[in-house]
Each structure stands twice: as structure tokens, then as C-alpha cells.
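> what follows is a protein structure lacking sequence information:
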């Protein structure tokens, strides 16, 4: 870690909606100079260059890495994340990548190993950790205010589902709703509980209302999992695409302890409005309030540390812990 602020030069690989949103959040900090954009779609590239008018458009990752940058922000389809991240790290660049970092735990582990080898800062857009509500809940848990937390219920139902075909090809995506949405839930719970060991995982995967019969060719759109943790805590996870949920999204993380409970829940079916509460039996008190503009905070946190001179963070190994749970849900472990 350095002792002075620098102004990193950033390159962006992929500037679809999510890439541009993160670009705007990073540009607003004035902590970095955005110098290059690699985006095959003309319209997306043009929109990105409106956010960063001083940047130039280049053709592909190789040209991006040669553009005098210090770090790469990756927002491309999932199949490419691990390979692109490793190429950037091997070139000595820090990396901030969309989730999932890899389609399987071995892919994620290879990226983390590359970050350690290069001694470069690796960040992944696990943004729900950065909601005000989840920060407040983690504070309660770290102080053991809720007593022994024995149960955690995790839900993420997206009534729409992805609109790009590659999400539905397991070779490209690594899986369906579990790797798309469940990754956030597993990460949130293990992070909030300070990374207990996972002792057992059981799961049931469905596609179009029936048990998933052909995982190499189809992805799940509804999943249930039970995850047992050392110390006697059980996680129950449910996630889906296209569920008849009566609203756009159902998002929740509920922590049940011997001395009380706490919950993070979305408001009125929103993907973005999330509030937390502490539970005292049938009463609850708010832990956070709206508005809470959290979407870009994971990226800003990474950039802030990068500008402060941070290099490889050993906590990156936790990305592998989460990926191993997903592999177990898929029966790959």
C-alpha cells in the first residue's frame, strides 16, 4: 500500500448500460482519468464517450492494455471475465470486474492467483454489500447484538430475467439465476457473518417449472438451496428469473438470532430501493432510509483504494469461497 494519492488512468472494456453506470460513478469522484474505451457497439461507445469526453475509443483488450492505462474496468459477457481479468493482471493492470468473476470456482481461483502474482488490486461488483442497510446489519452482527444468529433467509426473484441470449447458454454464463443473482446472496451472507466455514450444501434447480434435466445445455430459472455453516447457522436461499411474483423483484436478506433479528428488503418491488430494519419479536425499527444511491459504491471503493496505492488484497480469496458454494449448488463440487 502506498502513502500518497495518485490519479490512476482507467480503461473500460465493455460500455453497455452497467459499464456506463459504473463509468459515471467513477468519473464523478474525479479520482481517476478515463483515457480509453473498448466497445464494439458504436452506440454504446458514443454514449460512453459523452461521460468521458477526454477518452479515446480503441479496438479490443490488447489495444486497451497498450493505451497507457493503470487499471481496467470490465463489463463484458460472463464467459470472458476470467480470461480478460487474467490478461489485464498479467499486464500489470489493476482490475474491477462485473460479477461473476468466473463461471466456476477454478476460474475464479485462477483470477485471484493472477492478482496475487501481479500484486495488483482486484475488485468485483458485489454491490449489495454497499447498501446502507446491509452495512448497518453487518454492524449489528459484528457486535453480536442479535445473539447467536442461527438462521438466514435469502431471496432474489427477478420477475423479468435477462434479455441477452448468452445468459441462457450454460457454456457462456456458467449457469442461470444462481450465478446471476444467487452470487449476491451468498456473498452478502458470508461477508455479513464474517466468513464462517461452509459445511454442507443441498440444492434443487428448476427450469420452466420442472427439475433441471440437462444442465450442460439448459440453465435453471428457479433454485432453492440450504447452506450449513460451522457454528450451527443455516442459510436458506431462493432465487429465480421470470417468477410470477406480482412485482418486478423480491429481494431480501433476513437474519434470525436468539436476541433479535434484522432484515434487508426491497421496497415496492424495486431493484434499487432497499431498506434495513432491526426486529424485536413483532416490532421493528428502521436501520436505514431512502434515498440510498448505492449502485456505484463497490466501484468507487475499489478506485479509492487504488488511488491510495493499494495493491493485492488477500481478502480476494473470499471470491473463491463464494464461487465454491455456487459450484456446490450446481453439483460441481
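Cool, got the structure. As the structure is a computational prediction, the values presented were derived from the model and not from experiment.
> what residue is smack in the middle of this structure?
residue 126 (2.6 Å; CA atoms, centre = their mean).
> what's the pLDDT at that residue?
Note on residue 126: pLDDT of 97.
> burial count for the closest residue to it other than its chain neighbours?
Closest residue to residue 126 apart from its sequence neighbours, by CB to CB, 6 or more residues apart in numbering: residue 187 at 4.9 Å. The way it works is simple: take the backbone N, C-alpha and C, and place the C-beta from them, glycine included. By other CB atoms under 10 Å, the residues close to residue 187 number 22.
> now do the contacts for residue 187.
Residues in contact with residue 187, defined by CB atoms under 8 Å, 6 or more residues apart in numbering, are 126, 128-129, 322.
> quick revisit: report the contact partners of the residue nearest to the centre of the chain.
By CB under 8 Å, 6+ apart, residue 126 lies in contact with 99, 183-184, 187-188, 191, 298.
> could you do residue 245 as well?
Neighbouring residues of residue 245 by CB under 8 Å, 6+ apart: 157, 159, 269.
> separation between the nearest residue to residue 167 once chain neighbours are set aside and residue 187?
Leaving aside its chain neighbours, residue 167 sits nearest to residue 173 (5.1 Å; criterion: CB to CB, 6+ apart). Distance of residue 173 to residue 187, computed by CB to CB, to the nearest Å: 18 Å.
> all helices of the stretch 51-200 of the chain, in order?
Taking DSSP state H, counting those that start in this stretch as the test, the helices found in the stretch 51-200 of the chain are 60-65, 81-90, 105-118, 132-142, 170-173, 177, 183-192.
> show me the one of those helices that comes nearest residue 74.
Proximity to residue 74 (CB to CB) singles out helix 81-90 among those, at 5.5 Å.
> just list whatever residues bridge to the closest residue to residue 149 other than its chain neighbours.
Leaving aside its chain neighbours, residue 149 sits nearest to residue 257 (4.4 Å; criterion: CB to CB, 6+ apart). Listed by DSSP bridges, the beta-bridge partners for residue 257 are residue 149, residue 260.
> wait, residue 257 sits on residue 152?
No - between residue 257 and residue 152 there is no contact under CB atoms under 8 Å: 9.8 Å.
> of these two, who's got more company?
Higher neighbour count among residue 257 and residue 152: residue 152, with 24 against 20, using other CB under 10 Å.
> who's in contact with the more buried one?
189, 193, 233-236, 253-256.
> and residue 222, by the same measure?
Contacts of residue 222 (CB under 8 Å, 6+ apart): 177, 205-207, 209, 239-241, 243.
> quick one, domains of the chain?
9-127+296-314, 132-293 (automatic domain parsing).
> the nearest residue in space to residue 72 that is not next to it in sequence and residue 64, how far apart?
Of all residues not flanking residue 72 in the chain, residue 88 sits nearest, at 4.3 Å (CB to CB, 6+ apart). For residue 88, the distance to residue 64 equals 8 Å [CB to CB].
> let's see the pLDDT reported for residue 6.
84.
> buried ones in the helix or strand hosting residue 322, by neighbour count?
Assigned by DSSP states H and E, residue 322 falls within helix 317-329. Residues of helix 317-329 classed as buried: 318-329 (neighbour count, 16 or more other CB atoms under 10 Å).
> of those, which is the nearest to residue 29?
residue 319 (23.6 Å).
> does that closest one touch residue 110 like I think?
No - at 11.2 Å, residue 319 does not count as touching residue 110 under the criterion of CB under 8 Å.
> can you tell me which of the helices of the stretch 51-200 of the chain is most buried?
helix 177 (a mean of 27; mean count of other CB atoms under 10 Å).
> so which elements touch it?
strand 233-241 (3 or more CB pairs under 8 Å, 6 or more residues apart in numbering; DSSP states H and E).
> elements contacting the strand it packs on?
strand 149-158, helix 177, helix 183-192, strand 222-229.
> centre of the chain to the second one, how far?
Computed by CA atoms, centre = their mean, to the nearest Å, the separation of helix 177 from the middle of its chain amounts to 13 Å.
> which of the residues in stretch 44-53 are buried?
Neighbour-count burial for stretch 44-53 [16+ other CB under 10 Å]: 44-45, 47-49, 51-52.
> what's the closest of those residues to residue 18?
Distances from residue 18 to the buried residues of stretch 44-53, taken by CB to CB, are shortest for residue 44, at 10.8 Å.
> next, that closest one: secondary structure please.
helix (DSSP: H, G, I helix; E, B strand; the rest coil).
> okay, the closest residue to it other than its chain neighbours: pLDDT?
Once flanking residues are discounted, residue 44 sits nearest to residue 15: 5.0 Å by CB to CB, 6+ apart. What the model reports as pLDDT for residue 15 is 96.
> need the contact list for residue 15.
23, 37, 39, 44-45, 47-48, 75 are the contacts of residue 15 under CB under 8 Å, 6+ apart.
> contacting residues around residue 142?
Counting by CB under 8 Å, 6+ apart, residue 142 has contacts residue 194.
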